[in-house]
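**Student:** What follows is a predicted protein model with its sequence.
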Amino acid sequence: MTNPKINLLERAKVLVLTPRFPYPVIGGDRLRIYEICRALAEHCDLTLLSLCETDEEMKMALPIDGIFVSIYRVFLPKWLSYLNTILAFVTGKPLQVGYYKSDAFQNELVQLMLNHDLVLAHLLRTGDYVRDAIIPSVVEMTDAISMNYARSKLLKKGSGFRSFIYSIETNRLKDYEVSAANHHSLLCFVSAIDAQYLYGQCLPKNVLVCGNGVDTKALKFLSNKIRSKNIAFIGNMVSLQNQDAALWFAREVLPHIRTFGDFRFRIIGKIPNNIRVKFEVLPGVEVTGKVDSVADVVTDCFVGVCPVRIGAGIQNKLLEYMALGLPSVTTSIGLEGLGATDCKELYLANSPLEFTEKILHLWNDQQDAERIAYNARMYVETHHAWENALSPLVMKVITLALENKTRKADLPIGNPPSINHE
């Protein structure tokens, strides 16, 4: 229950921490924290404190979107991150956390917290800086990273160096993620599956599940799209889970589909050159790289696929397919975190044969493809518009910040607030 002394018309001061500069907003975790901040900015004064790993990020022109009152950037060179990772390996901290350690960032943070009512940390990487902070701390966890690592370890069984690192990091991460509930005012996940993986069916009171959203205004329904034998895959190909998904589909599924016609697999998203060459030699595969408009590139596609076999959280690619009215086929792991129903808003497939059957069905049955597309669009409009998806988190952050603002106002001068994270 909200404290009756709190005036929700007041503007609290919220300090936002990000492990990398959130501009330009190019999707994925950057998009989520941007949308959270955009919603909060309507009610709070936001300050951004961000780590940057390149000179380009440090010198980038500041945004004029009005979301942040002030922006501070701290340079963390890659060589130092690599050194920090080695030290974390020795000290027992998760490597994910060690990679983003910066004394300069910590010093800046200590000063800025004195003038703010709450700190919002993006991901566990910056959440480490505010464990047991002097003001309420909220960590936008997004996913259970340890679940992603555990799945990767199972999928890629072996005795190599990477498997060794996965084994160590998985256990460290899970212990650290579980313990986070004891050190912060609030943790937020995009999926109940991720939260329950860490805490079981009965979640702690300070753990919140708040789904992802999609911009249904920007992604228009492609009701009159031209149908060609093109299969879309949207994803940042820097991600190991997207690399695995696309390679599995291109090697294990696409050859079966192409026995029924000249079907082509179009990979859309940022991709390193060394990964690009792996796909360009495969028959029927097109690689677009980063594009200005996903909608323009999928206009002639008849289906979108989400063949992810490892991962956590919610797959944004599925939300984008559904918003665009592009019928989609996904694995069970890809569907996790969504309330969409098999055969109603999308189709479910887990084997090469199942993917082949469902994709060919959507090509051959135009009427059913249109039914799936319409239902999918209605689903995301109802359940995944950003404003609706983020409202529980936004209201909780505002309430915590204003409670602390009120508490500080009632304290005698010189007495810092004491925060209870239970």
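**Tutor:** Structure received.

**Student:** Span of stretch 361-370 from start to end?
**Tutor:** Distance between the boundary residues of stretch 361-370 (C-alpha to C-alpha, to the nearest Å) amounts to 12 Å.

**Student:** Identify each buried residue in stretch 118-134, please.
**Tutor:** When neighbours are counted by 16 or more other C-beta atoms under 10 Å, the buried residues of stretch 118-134 are found to be 118-131, 133. C-betas here are computed from N, CA, C, even on glycine.

**Student:** Repeat that for stretch 356-372.
**Tutor:** Taking 16+ other C-beta under 10 Å as the basis for neighbour counts, the residues of stretch 356-372 that come out buried are Thr356, Glu357, Lys358, Ile359, Leu360, Leu362, Trp363, Ala369, Ile372.

**Student:** wait, what's in contact with the fifth one?
**Tutor:** The contact partners of Leu360, taken as C-beta atoms under 8 Å, 6 or more residues apart in numbering, are Ile257, Phe260.

**Student:** I'd like to know how far it sits from Lys101.
**Tutor:** With the distance defined as C-beta to C-beta, to the nearest Å, Leu360 ends up 51 Å from Lys101.

**Student:** can you check Ala409 too?
**Tutor:** Counting by C-beta to C-beta - Ala409 and Lys101 are separated by 35 Å.

**Student:** Between these two, point out the one with more neighbours.
**Tutor:** Lys101 (21 against 8; other C-beta atoms under 10 Å).

**Student:** So which of the buried residues of stretch 356-372 belong to helices?
**Tutor:** Counted as lying in helices by DSSP state H, out of the buried residues of stretch 356-372, are Thr356, Glu357, Lys358, Ile359, Leu360, Leu362, Trp363, Ala369, Ile372.

**Student:** Go through those and name the one nearest Leu40.
**Tutor:** Ile372 (35.1 Å; C-beta to C-beta).

**Student:** Make sure that closest one is actually in contact with Leu348.
**Tutor:** No - taking contacts as C-beta atoms under 8 Å, Ile372 lies outside contact range of Leu348: 11.8 Å.

**Student:** can you list residues touching both of these two?
**Tutor:** Shared contacts of Ile372 and Leu348, counting by C-beta under 8 Å, 6+ apart, come down to nothing at all.

**Student:** Could you report the neighbour count for the closest residue to Val214 other than its chain neighbours?
**Tutor:** Spatially, and ignoring its direct neighbours in sequence, Val214 is nearest to Leu319 (4.0 Å; C-beta to C-beta, 6 or more residues apart in numbering). The local packing count at Leu319 equals 27, with neighbours defined by other C-beta under 10 Å.

**Student:** show me the contacts for Leu319.
**Tutor:** When contacts are counted by C-beta under 8 Å, 6+ apart, Leu319 touches Asn212, Gly213, Val214, Leu338, Val380, His384.

**Student:** Excluding chain neighbours, give the residue nearest to the second one in space.
**Tutor:** This points to Gly213. Trp386 (3.4 Å).

**Student:** Surely the one you found is in contact with Ile36?
**Tutor:** No - in this structure, Trp386 sits apart from Ile36 without contact. The criterion is C-beta under 8 Å, and the distance is 9.1 Å.

**Student:** Just want to know which of the two has more residues nearby.
**Tutor:** Ile36 (24 against 20).

**Student:** Distance check, that one against Leu402.
**Tutor:** Noted for Ile36: a distance of 17 Å to Leu402, by C-beta to C-beta.

**Student:** Over to Ser152?
**Tutor:** Counting by C-beta to C-beta, the gap from Ser152 to Leu402 is 41 Å.

**Student:** okay, those two: which has more neighbours?
**Tutor:** For Ser152 against Leu402, the residue with the higher neighbour count under other C-beta under 10 Å is Leu402, and the figures read 24 against 20.
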